[in-house]
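Q: Quick one: sequence and predicted model below, then my questions.
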There are 2 protein chains.
Amino acid sequence: MQLLTEIRIAGFGGQGVILAAAVIGKAAAIFQGGYATMTQSFGPEARGGSSSAQVILSTEPILYPYVTQPDILVVMSQEASTRFVPQLKPGGILITEQEMVRVDKYPNGVRVYGVPATRLAEELGRKVVLNIVMVGFFGAVTNLLDPDSLRKAVADSVPPAMQKLNLQAFDKGFEYGVKLMEKLAVAAEIEETVSLESA
Amino acid sequence: MQLLTEIRIAGFGGQGVILAAAVIGKAAAIFQGGYATMTQSFGPEARGGSSSAQVILSTEPILYPYVTQPDILVVMSQEASTRFVPQLKPGGILITEQEMVRVDKYPNGVRVYGVPATRLAEELGRKVVLNIVMVGFFGAVTNLLDPDSLRKAVADSVPPAMQKLNLQAFDKGFEYGVKLMEKLAVAAEIEETVSLESA
């Protein structure tokens, strides 16, 4: 975990944005000995059906819990993407629900990772766990938190009857992310070989 | 609603502190046209099993979402009371789960209102709704938010299958609060009469 990492998670109401944020905060603080805050704003934008939460993870107590320019942005709706992508830190990480979001303009040097979270959740028979699929994917591509801490935080954040389903959702997102990162590593290697050959 | 009201809700894990805070924030912002933030901190204290959330209600957008000295403190555990009562604003409102909390020292001029929320929730057959009983009681004694906004926020914050139970819990806490306030008004009148007679 870095000294301070700012994360924003955004989507529309009903996608479980707040729970996803709370799981990440809990993983960092309770199961990994750090500090975290989760802030949810209710205001005109919430009345419009969108939902957004800010999470700060830190190795020290957090004095100011507001995210200004996130290091990591997770977006699950087009509206959230349009609104928050311009605020992403140059060189930051953008994670999208890839069938919901099309991003045209990125800040400089942003790395983008997409996952069909809704479809993966539907494969488990319950679309509502798309948020936890996103959390699993987040875990794999950011490598910011110990996957075991995230899994424990998932189990700890849902009712007992929903634990199995949510852990499956987590694993599904996580595995999708691991495979994607492997593919990207191979692609980078090929690219390097090609550029060496053409040099 | 005042220009800015700072609220802290605290108890132990499993009492639904965060949901209670989110309901109050939502009532203010979504159903009453104001602004609200809810901040949850995860840290050493969360690892100890306690849970605490900060809510700010405002008629204007909120720039700094951290509560320093709450106007209203809701405590559902002795530990939360010991920790947070000294921070309450002089003249503020303290709301307690009265069978869980014994408060010995108050800041100057604090008004204290107790409710047996756990017992009232048990009368509905589900102890878990004690948090929503507290929200109902909060609504009645603070008179800060429109009861209808609070009721809508309750319905909006729980799964459909749990709405009826949670609305009953809200009403139970609210009615208990209304009766308490009536009793206190009568007591104040008697006291006034007595002091006039003795004068």
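A: Nice, I can see it. Everything numeric in this text was worked out from a predicted model, so none of it was measured. Numbers count the residues shown, from 1 in each chain, chains lettered A, B, ... in the order given.
Q: quick one, helices of chain A?
A: A:17-29, A:44-47, A:78-84, A:117-123, A:130-142, A:147-157, A:163-198 (DSSP state H).
Q: Which of those sits closest to chain B?
A: helix A:17-29 (3.3 Å; CB to the nearest CB). C-betas here are computed from N, CA, C, even on glycine.
Q: Generate CSV for the helices of chain A, with distance to B:Glu175 and mean neighbour count as supplementary columns.
A: Listed next are those as CSV, based on distance: least, CB to CB, whole Å; neighbours: other CB atoms under 10 Å in any protein chain shown:
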stretch, distance to B:Glu175, mean neighbour count
helix A:17-29, 30, 26
helix A:44-47, 29, 16
helix A:78-84, 40, 19
helix A:117-123, 41, 20
helix A:130-142, 36, 27
helix A:147-157, 32, 20
helix A:163-198, 36, 14
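Q: can you tell me which of the ones you listed the model trusts least?
A: Note on those: helix A:44-47 shows the lowest mean pLDDT, a mean of 65.
Q: Could you tell me which residues of chain A lie near chain B?
A: Residues of chain A lying close to chain B by CB under 8 Å from any CB of the partner chain are A:18, A:22, A:25-26, A:28-30, A:35-43, A:46-47, A:61-62, A:64-66.
Q: re the thing from before, for the helices of chain A, please prepare a markdown table with the additional fields distance to B:Ser51.
A: Formatted as a markdown table, the helices of chain A follow (distance: least, CB to CB, whole Å):
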| stretch | distance to B:Ser51 |
| --- | --- |
| helix A:17-29 | 11 |
| helix A:44-47 | 23 |
| helix A:78-84 | 28 |
| helix A:117-123 | 28 |
| helix A:130-142 | 20 |
| helix A:147-157 | 12 |
| helix A:163-198 | 20 |
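Q: Quick one: closest of the ones you listed to A:Arg111.
A: Nearest to A:Arg111 among the helices of chain A is helix A:130-142 (8.4 Å), distances taken as CB to CB.
Q: Identify all contacting residues around the closest one.
A: A:9, A:15-17, A:19-20, A:23-24, A:72, A:74, A:76, A:93, A:95, A:97, A:113, A:115, A:117-118, A:120-121, A:145, A:147, A:150, A:154, A:166, A:169-178, A:180-181 (CB atoms under 8 Å, 6 or more residues apart in numbering or on different chains).
Q: and if you look at stretch A:80-92?
A: Outside stretch A:80-92, the residues that touch it by CB under 8 Å, 6+ apart are A:6, A:8, A:10-12, A:50, A:52, A:68-73, A:75, A:94, A:96, A:101-103, A:105-111.
Q: One more: stretch A:101-114?
A: Contacts of stretch A:101-114 (CB under 8 Å, 6+ apart): A:75-78, A:80-81, A:85-86, A:88-98, A:137, A:141, A:177, A:180.
Q: same deal with stretch A:14-22?
A: The contact list for stretch A:14-22, computed with CB under 8 Å, 6+ apart, reads A:7, A:9-11, A:38, A:40, A:51-55, A:74, A:76-77, A:128-132, A:134-135, A:157-158, B:18, B:22, B:40.
Q: swap in stretch A:23-32?
A: A:1, A:7, A:9, A:34-38, A:55, A:57, A:132, A:135, A:138, A:145-146, A:148-150, A:152-154, A:156-157, B:40, B:42-43, B:46-47.
Q: Could you rerun that using 7 Å?
A: With contacts defined as CB atoms under 7 Å, 6 or more residues apart in numbering or on different chains, stretch A:23-32 is touched by A:1, A:7, A:34-38, A:55, A:57, A:135, A:145-146, A:149-150, A:152-154, A:156-157, B:42-43, B:46-47.
Q: can you check stretch A:158-172 too?
A: A:120-121, A:124, A:126, A:129, A:132-133, A:135-136, A:150-151, A:154-155.
Q: Excluding chain neighbours, what is closest to A:Val23?
A: A:Ala153 (4.7 Å; CB to CB, 6 or more residues apart in numbering or on different chains).
Q: could you measure that neighbour against A:Ile132, distance?
A: Relative to A:Ile132, A:Ala153 is positioned 10 Å away (CB to CB, to the nearest Å).
Q: Show the pLDDT at A:Ile30.
A: Model confidence at A:Ile30, given as pLDDT, is 77.
Q: And for A:Gly48?
A: What the model reports as pLDDT for A:Gly48 is 67.
Q: Great, nothing more from me.
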